[in-house]
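> Okay, predicted coordinates and the sequence, questions at the end:
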Amino acid sequence: MNSNLQVWCSPHSTANSQRFVKISSRDQELTVYDVLDSVCEPKAASDGDLSFKEYTKHTKIPYMRCFDWSPVDPDLVSIGHSSGEALLLRLSNTTNAHIPLAVKQQRSCNSISFNCNGSMLATGLDKVRSDFCLNIWDINQRLGAGSDRPFRQLASSDAITSCRFTRDNPQILVAGVAYRWVRMYDLREPPSNPVISCNSKCVYSLSLDLDPNYFAGYSDEGIVTVWDRRFARSSPAGEPALLFNRLMDDFSRNSGQVSHLRYSNSREGAFAVLSTGGGLRVYETSKILNAESAAPLGIIGSDSGIAEGHKSRGGWRDSAASLLEAGRGAYGGGGGGTSTSGTRTPNPRFEGGETLVVSRINDIAHARSSKGDQKIACFDWMMEGRGGGAHSGALKVVAVKGDGSLEIIRCPGPAPSIAWGSRNEFAVTCENDLQIMSTLEPELEEEVYAQLRPRRKSISEFEDHDYKDHTFSGGESPDNKADTALSRRQRANSLIRPEDFLPDARQVLQNDICVVMRKRVEAGYLMDCNKNAALARKEENPYLEDMWVWLDGAHECAKDGGMMTETLNLSYLGVLATWRGGRDPTPETRVSTNRRIRREDWTAACAEINKRFGRNKWDSCNTAFPEQRRLCLAICGTNFNSEGLELEIQRLETNGEHSKAAGLALFHGKIDRCIRSLQHGGRALKLMSTAVAGYYAARDHSLPAHSTWKELASEMANELGDPYQRAIFAFIANSDWREVLDEIGVPIRERIGIALRWLDDDELTNYLESTTNAAIRGGELEGIILTGITEEAVKLLQEYINRTGDVQTAALVAAFSSPRFFKDDRVEYWIESYRQLLNSWRLFHARAKFDQQQQQQQQQQQQQQSQLQPPMPRNIPGIGRATAVKPTVCPHCKKSLPRCAVCLLTLGTTFYREDEKSADVERDYDRWFNFCLSCNHGMHAGHAKEWFSRHKVCPVPDCECSCKM
C-alpha cells in the first residue's frame with residue numbers, strides 16, 4: 001500500500017486493548033494510538049467516529065511507503081522508504097533512533113514483511129538492472145550490529161510489487177514478481193526453484209488468511225484472486241481457488257479499480273477490498289469439505305450470474321448442487337447476504353478435498369456516497385470483541401478518510417435463521433449461536449400437554465381400534481390379505497403429503513421482488529409516472545397504480561411553477577402538510593423570503609394556487625381555513641364542481657358501478673342523486689334506494705318508528721358486502737360521517753375527501769394525523785396522498801421496503817423531491833442501492849436513463865426556484881475569464897480528460913479529423929464520449945463505431961475486454 005495515508009492495527013491487540021498506527025507520508029509522521037475501551041464494543045448498530053488517545057508520535061520520517069509490525073515484539077516495527085532503505089524502529093523510543101537496512105542502488109521499497117517468528121524481514125524493491133529485488137534480512141544480526149548485507153537475495157532484475165511471509169512457516173514467503181508472476185519461495189531451497197510459480201497479474205497487496213493455505217491479491221485491472229497454495233502447487237496452470245473478474249464493475253467509472261486488499265486478522269476467510277473511489281466491500285468465504293463431485297472454477301462477475309465453469313471440468317449444475325447442500329449444512333439455510341460463489345476441483349493430493357465458496361458479501365462503504373476528502377483512503381481490521389454483548393464477534397475496520405480523520409465501521413452480521421417446531425417451539429441461529437425458545441408460558445405449556453396427552457395413541461393402538469376386523473398375523477387368509485393390502489393402499493392415498501402444500505417453484509420465482517423489479521425496469525419503469533401507472537395496471541397492482549396516478553397529477557401541477565407563490569413552494573406536498581401549514585416550522589427549502597412564515601402566508605399561498613387553477617368556492621361545512629380545504633381536496637383528487645360530479649357519476653353508472661356512483665353522490669351531500677343512482681341498478685339496489693328515500697323523507701322527524709328503522713339500517717350495514725353500500729347504510733343509520741370514515745373498504749382518498757367536507761377543524765386535524773400514522777406504520781402506498789413526497793413519506797417508504805423489498809419504487813418516488821426539498825441518508829442509500837442493482841444486472845442504459853431523468857428533475861426544480869430569486873447583476877468584470885474552462889479538462893476537478901483509445905487525442909478535442917472541421921460540433925454524435933463500463937476505457941463515439949465494426953476486443957493493448965458497443 002503506497003498511498004499518502006496508511007493505517008495498521010497491531011497484531012498484538014486484544015478485544016479490550018487495541019492499538020494502531022497512522023502514517024502520513026506527506027506530513028512525515030508516524031502516530032501510535034490506543035483505542036478507548038468504549039468503542040471496542042459499539043453500543044449501536046451504527047458506525048461513528050473513533051475514540052482514541054495518542055500513545056506516541058514519530059516525526060520527520062521521510063518517504064514512508066510501506067510498514068509492518070513484528071509479530072513477536074509489540075514495540076518493534078519496520079518501515080520501507082522510497083529510497084529502498086528499510087528501517088527497524090522502536091515505537092517507545094521517540095528520538096527516531098533506528099537501524100537502517102540499506103540497498104546498493106536506490107529504488108522504491110514497495111513491500112516489507114516480518115516472518116512469523118520475527119527473526120527475518122523481507123523487503124520488495126522496484127526493478128533495477130543487475131541487482132536483486134527481494135532481500136531477506138536476519139533481524140537478530142542487524143539488532144546485534146552484525147552484517148550489513150542481506151541474509152538472502154532473490155528475484156534478480158524483477159520488480160517486487162508485494163511480499164508476505166506465511167503464517168505457519170518462517171522459511172516460506174509469497175511475492176508478486178515482475179508484475180505477472182505470483183511465486184512462493186522456500187528459503188531452504190535454491191532461489192531458482194520456487195515452490196509455486198503462477199502466471200497472474202494479481203500481484204498487488206498480497207494478503208494472508210488465518211488459514212495458512214489461502215492468500216489473495218489483485219491486479220491493476222480490478223481482478224481479485226484467492227489462491228490455495230496446496231492446489232496451486234499441483235496445478236500446472238496455477239488455477240486460483242476463487243477468481244473475481246472486475247470486482248468493482250458495479251461502481252462508477254472513476255471508482256472501478258481496486259486500491260487495497262486485506263484479510264482479517266481475527267476472522268478466518270474474511271477479506272475486504274477498497275476501491276479507488278472509496279467503496280469498501282467485505283467478502284466472507286467458507287469451505288465445503290469432502291465434496292462428492294468435481295466443482296468447476298467459478299468466475300464471479302459473469303453475465304449470467306451463475307458460476308461459470310470450464311467445460312472440460314464439468315457443468316455448473318453439479319457445482320450449484322454442491323453449493324446448495326454445503327450452504328444448508330453450514331448455515332442452516334439462512335444467509336443474510338448475497339451468496340455468489342466461485343469453486344474449483346478439490347486437490348486430489350489431499351484426503352478429503354475442500355472447495356472455497358463466498359458465503360456473504362457486504363458493502364459497508366459506498367464510493368458514490370463519499371465525496372472529496374470524505375472518501376476512505378485506507379483501512380485495517382480491528383480485533384473482534386468477545387465480551388458477549390450485542391456486537392461481540394462483529395467484524396470492524398478502522399478507516400482513514402482523505403482528510404486524515406479516523407472512523408470505525410462495523411460490518412453487519414448475517415441475518416438470523418428461524419425454524420419452527422411441531423410443539424410451537426422455534427430455534428434461532430446466527431453464525432455459531434443456537435437458541436431454542438418456546439412461545440408458551442411454562443404453566444400454559446404443561447396445561448396444553450396435559451390436555452393432549454390422553455388423545456395420543458401409539459400406531460399399534462390406532463390400527464387395532466380402526467381395523468379390528470383385520471388380522472395381521474402370518475396365518476391370515478388370502479382374502480384377508482387382499483383386503484388388508486387394499487386398505488393400506490387407500491390409507492396411503494388418503495395421506496396428506498408435504499408437497500401438496502408447497503407453492504409452485506416457478507410462480508414463486510416469478511413473484512420474487514428481484515424478478516419483478518427487473519421486469520419493470522426492462523419495460524421502462526423509471527420516472528415517467530404515466531408509464532409506471534400503466535405497468536402497475538398491467539401487474540394488477542391497484543395501490544401502486546393509484547400512487548403513480550397521484551404522483552403524475554402532482555408532477556403536472558408542479559410544472560412551470562404551478563405550486564409556487566412569491567413566498568412558498570408547495571410542490572409535492574400532501575394533505576396533512578398542507579392542512580397543518582403554518583402551525584409547524586416551514587422548511588427553508590420551501591421558503592423564498594427571509595421573513596418568518598406565518599399561517600396567513602399559507603392561507604394566501606393556497607388561495608393564490610386555487611385561483612390559478614380556477615377551483616370552485618367552498619360550500620360545505622363551516623371552517624376557518626376554507627382555502628386549505630379547497631387545496632387539500634384538489635390534492636386528493638375529489639374537488640368536483642357540480643358539472644364535474646355529475647359527469648363522474650354518469651361515467652360510473654355507464655360502467656355498471658352504481659353502488660360507487662351512489663356513494664360518490666352521498667359523500668358530496670347529494671342524497672337525491674344517490675337515490676337515483678341506486679334506482680338505475682339491479683333489484684337489490686332498487687330496494688336500497690327505497691330505504692335511503694325513507695331516510696331522506698323522515699330525516700327531520702323524530703318518530704319512535706324512526707329509531708327502529710335506524711337499528712335495522714345499522715344491521716344491514718354490517719351484512720352487506722359492498723363497501724359503498726355499507727357506507728351508505730352506516731350514514732343513514734346515524735347521520736354521522738365518522739361512521740363512514742371507519743369503513744376501510746372505501747379508498748383512502750375518498751375517505752379524506754369526506755373528512756375535508758364534513759368534519760370540523762379539530763376533528764379533521766385529529767383524523768388526518770391518525771390516518772397518516774396508520775398509513776406510515778403499515779407502509780401503505782395510499783398514504784402518499786397524506787404525506788406527499790416529504791420527510792414523512794420517507795418513513796412510509798421505509799416501512800414499504802421492509803414489507804415488500806421494493807427499493808426500486810421507493811428510490812423513484814423519493815427522487816422527485818430529494819434533494820431539492822429535503823435530504824435524508826435513507827433516500828441516498830435507496831438511490832445508490834438501486835443504481836448498484838441496475839449495474840449488477842448490467843442494465844447500464846437503464847441506469848444511465850435513471851441518472852439522466854433524476855438530474856433533469858433536479859435542474860427543473862432549481863430553475864423554477866431561481867425564478868423567485870432577485871435577479872443577479874449581468875455584467876460582473878472578469879467573470880467570463882474566471883469561469884473559462886478548456887474543453888479538454890473536467891469542469892469540476894480541472895483534471896485532463898482521458899484520451900481516446902483509438903486516436904490517442906484527449907476526449908473533448910473539438911476537431912480530430914481534417915474532413916470533419918465543417919461539421920456541427922453540437923449535433924455531431926461522433927464527437928461524444930463513449931466509455932466501456934467493464935474495462936473503463938474511453939473513445940470518441942465515431943471512432944468506437946468504426947473500430948467495433950471490424951473488431952470485438954478493446955483497442956487498448958493488453959486489454960482483452962470484449963466491449964463491442
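Structure's in. What do you need?

> Just list the residues touching the nearest residue to Val692 once chain neighbours are set aside, thanks.
Sequence neighbours aside, Ile675 is the residue nearest to Val692 in space, at 5.3 Å (criterion: Cβ to Cβ, 6 or more residues apart in numbering). To be clear about C-beta, it is placed using only N, CA and C from the backbone, and glycine gets the same treatment. Counting by Cβ atoms under 8 Å, 6 or more residues apart in numbering, Ile675 touches Ala662, Ser689, Val692, Ala693, Tyr696.

> Let's see that with 10 Å instead.
Contacts were defined as Cβ atoms under 10 Å, 6 or more residues apart in numbering; by that measure Ile675 touches Ala662, Ala665, Leu666, Met688, Ser689, Thr690, Ala691, Val692, Ala693, Tyr695, Tyr696.

> for Thr654, same thing?
Thr654 makes contacts with Ala661, as judged by Cβ under 10 Å, 6+ apart.

> Could you rerun that using 6 Å?
Neighbouring residues of Thr654 by Cβ atoms under 6 Å, 6 or more residues apart in numbering: there are none.

> Distance of it relative to Val740?
Counting by Cβ to Cβ, to the nearest Å, the separation of Thr654 from Val740 is 25 Å.

> mind giving me the domain ranges of the chain?
In the domain annotation for the chain, the residue ranges read 70-85+97-220, 416-449, 510-636+779-863, 656-759, 887-948 (automatic domain parsing).

> quick one: which of the ones you listed has the weakest pLDDT on average?
When the domains of the chain are compared on average pLDDT, domain 416-449 comes out lowest at a mean of 66.

> Longest helix in the chain, please.
Longest among the helix segments of the chain by residue count, using DSSP state H, is helix 844-866.

> follow-up on the earlier one: what residues of the helix or strand the residue nearest to Val692 falls within count as buried?
Using DSSP states H and E, the secondary-structure element containing Ile675 is helix 671-679. Buried residues in helix 671-679, counting neighbours by 16 or more other Cβ atoms under 10 Å, are found at Ile671, Arg673, Cys674, Ile675, Arg676, Ser677, Leu678, Gln679.

> which of those lies closest to Gln852?
For the buried residues of helix 671-679, the closest approach to Gln852 (Cβ to Cβ) belongs to Ser677, at 47.6 Å.

> That closest one contacts Ala661, doesn't it?
Yes - the criterion here is Cβ atoms under 6 Å, and Ser677 meets it with Ala661 at 4.3 Å.

> Ile744 and Arg751, how far apart?
Looking at Ile744 against Arg751, where the rule is Cβ to Cβ, the gap reads 8 Å.

> neighbour count winner among these two?
The residue with the greater number of neighbours, taking Ile744 and Arg751 and applying other Cβ atoms under 10 Å, is Arg751; the counts read 24 against 10.

> ok so that one is a helix residue?
Yes - when classified by DSSP: H, G, I helix; E, B strand; the rest coil, Arg751 is found to be part of a helix.

> so what's it up against?
Neighbouring residues of Arg751 by Cβ under 6 Å, 6+ apart: Leu741.

> go on, Arg129?
Under the criterion of Cβ under 6 Å, 6+ apart, the contact partners of Arg129 comprise Ser157.

> SS state for it?
Taking three-state DSSP, the label given to Arg129 is coil.

> ok, the residue nearest to Lys559 when sequence neighbours are not counted - how many residues close by?
Closest residue to Lys559 in three dimensions, ignoring its sequence neighbours and counting by Cβ to Cβ, 6+ apart: Gln860, at 7.9 Å. Applying other Cβ under 10 Å, we find 14 other residues in the vicinity of Gln860.

> I'd say Ile376 and Gly278 touch.
Yes - the pair Ile376 / Gly278 is scored as a contact, 4.5 Å apart, by Cβ under 6 Å.

> Show me the strands in the stretch 851-965 of the chain, by range?
Using DSSP state E, counting those that start in this stretch, the strands assigned to the stretch 851-965 of the chain run over residues 929-931, 938-940.

> Of those, which is nearest Ile436?
In terms of Cβ to Cβ, the element of those nearest to Ile436 is strand 929-931, at 54.5 Å.

> got JSON lines for the domains of the chain, with distance to Tyr283 too?
Converted to JSON lines, the domains of the chain look like this (distance: least, Cβ to Cβ, whole Å):
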{"stretch": "domain 70-85+97-220", "distance to Tyr283": "9"}
{"stretch": "domain 416-449", "distance to Tyr283": "16"}
{"stretch": "domain 510-636+779-863", "distance to Tyr283": "15"}
{"stretch": "domain 656-759", "distance to Tyr283": "45"}
{"stretch": "domain 887-948", "distance to Tyr283": "20"}
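
> so where do the helices sit in the stretch 151-300 of the chain?
In the stretch 151-300 of the chain, helices defined by DSSP state H, counting those that start in this stretch lie at 229-234, listed in chain order.

> circling back: ok, the buried residues of helix 671-679 vs Leu904, which is closest?
Closest to Leu904 out of the buried residues of helix 671-679 is Ser677 (76.0 Å), distances taken as Cβ to Cβ.

> mind listing what that closest one touches?
When contacts are counted by Cβ under 6 Å, 6+ apart, Ser677 touches His658, Ala661, Ala662, Ala665.

> ok, and the closest non-adjacent residue to the first one?
By that I understand His658. Once flanking residues are discounted, His658 sits nearest to Gly681: 3.5 Å by Cβ to Cβ, 6+ apart.

> Then the third one?
Spatially, and ignoring its direct neighbours in sequence, Ala662 is nearest to Ser677 (4.0 Å; Cβ to Cβ, 6+ apart).

> quick one: the one you found and Ile649, what's the gap?
If you go by Cβ to Cβ, the gap between Ser677 and Ile649 works out to 6 Å.

> The spatially most central residue of the chain sits in which helix or strand?
Nearest to the mean C-alpha position of the chain, counting by Cα atoms, centre = their mean, stands Ser833 at 3.9 Å. In this assignment (DSSP H and E), Ser833 forms part of helix 825-840.

> And that helix, what does it pack against?
Under the contact criterion of 3 or more Cβ pairs under 6 Å, 6 or more residues apart in numbering; DSSP states H and E, the helices and strands touching helix 825-840 comprise helix 807-814, helix 844-866.
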